[in-house]
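1. how does the following fold in three dimensions:
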Amino acid sequence: MFTYTLRRLFFAIPTLLVISFVIFALLDLAPNDPTGDLPLTIPPEVREQIKASLGLDQPFFLRYLAWLHQFFINEPLNILEALTGWHIGDDHDRVRILSWATRSPVVDLIVQRLPQTLWVIGLAYVFGILIAIPIGVISAYKQYSIFDQIGTFISMVGYSVPTFFTGVVLIVIFSSYLQWFPSVYDTNLQVTSISTFFDQVRQMVLPVAVLALYNASQITRFVRASMLDNLHQDYVRRPAPRASRKRRFFSSMSCATA
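-> Next up is the predicted model:
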């Protein structure tokens, strides 16, 4: 198993490199560049200076190598320093990727929002599994029943409808109309008391519900299909009715007496 995992990881590295090269080439061949959103009043020479500061005046292959160096060396070191507080190498010469909107380092923004994201995604998977397993098992055990048809329909709808649409619908219903939950997620909220804890729970309800519905719909289909494949196998034994067990017991006793 360990050898198989290493072999799969070894083949995944060139695959990811090829995919990154193709995506980088497609973005480079696109008719626009990051300076396309700048105001038209900017003089052409200033626009060219901005392109040079972003490295857009260099050849395609050099820009791709610079991106690989930034992605595999600089950014992991920046993330490690942001998480642990260590200083590795000369971080003054290390390039930082700045957000075009906030002009702040992207890694710092990711590290700032990573704990909240992991909490939301983790809880969504936990609730999705807790919902999906019993529904999938019961649907497979009672195949073609009303419960199975309703569960299959809900799982199909939940898996087919994109999460951004489901999120907007829940925001309109529970935030705008009913005003039960906030419509904006505050990532800077610090839980220091009971009131802030309930504020954190209230703002996590809608995103967790949206992701849990999608995860539960997806896992339910897999659980139901797996149960149907194994339900009639030889190692699965259904308990016989009580009357049938009594008949077998008395018949075996009569045979033994005879």
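
2. so what's the backbone phi/psi at Pro105?
-> Backbone torsions of Pro105, given as degrees, to the nearest 10, read phi -60, psi 130.

3. right, and it touches Asn78 too?
-> Yes - Pro105 sits in contact with Asn78 when judged by CB atoms under 8 Å, with a separation of 7.3 Å. C-beta: built from backbone N, CA, C; applies to glycine.

4. who has more neighbours, the two?
-> More neighbours surround Asn78 than the other of Pro105 and Asn78, with 23 against 16 (other CB atoms under 10 Å).

5. who touches both of Pro105 and Asn78?
-> Arg96 (CB atoms under 8 Å, 6 or more residues apart in numbering).

6. for Gln112, see how far away Phe11 is.
-> Here Phe11 is placed at a distance of 35 Å from Gln112 (CB to CB, to the nearest Å).

7. neighbour count winner among those two?
-> Just comparing Phe11 and Gln112: by other CB under 10 Å the higher neighbour count belongs to Gln112, 13 against 9.

8. for the more buried one, what are phi and psi?
-> Main-chain torsions, Gln112, degrees, to the nearest 10: phi -70, psi -40.

9. residue contacts, it?
-> Residues in contact with Gln112 (CB under 8 Å, 6+ apart) are Thr187.

10. mind running it again at 6 Å?
-> The contact partners of Gln112, by CB atoms under 6 Å, 6 or more residues apart in numbering, come to none.

11. what's the distance between it and Ser99?
-> From Gln112 across to Ser99, the span is 12 Å (CB to CB).

12. Tyr64 too?
-> Distance from Tyr64 to Ser99, by CB to CB: 22 Å.

13. what about these two, which has more around it?
-> Just comparing Tyr64 and Ser99: by other CB under 10 Å the higher neighbour count belongs to Tyr64, 16 against 11.

14. quick check: the more buried one touching Phe24?
-> Yes - using CB atoms under 6 Å, Tyr64 makes contact with Phe24 at a distance of 5.4 Å.

15. helices along this structure, start to end?
-> Applying DSSP state H to the chain gives helices spanning 2-29, 44-53, 60-69, 75-84, 106-141, 146-160, 163-170, 194-230, 242-257.

16. which one of the ones you listed has the lowest average pLDDT?
-> Among the helices of the chain, helix 242-257 carries the lowest mean pLDDT, a mean of 50.

17. the closest residue to Leu213 other than its chain neighbours: how many residues sit nearby?
-> In this structure, Leu213 finds its nearest non-sequential neighbour in Gly158, 4.8 Å apart by CB to CB, 6 or more residues apart in numbering. By the criterion of other CB under 10 Å, Gly158 has 21 neighbours.

18. next: Thr220.
-> Neighbour count of Thr220, defined by other CB under 10 Å: 27.

19. dump the residue contacts of it.
-> The contact partners of Thr220, by CB under 6 Å, 6+ apart, come to Ala132, Ile135, Gly136, Ser155.

20. report the separation between it and Ala132.
-> Per CB to CB, Thr220 is found 4 Å from Ala132.

21. then Pro105?
-> Relative to Ala132, Pro105 is positioned 39 Å away (CB to CB).

22. what about the residue nearest to Pro182 when sequence neighbours are not counted, how many residues nearby?
-> Nearest non-adjacent residue to Pro182, counting by CB to CB, 6+ apart: Gln203, 5.0 Å away. Neighbourhood size, Gln203 [other CB under 10 Å]: 20.

23. ok, Gln203 to Phe197 distance?
-> 11 Å.

24. cool, and Phe24?
-> 44 Å.
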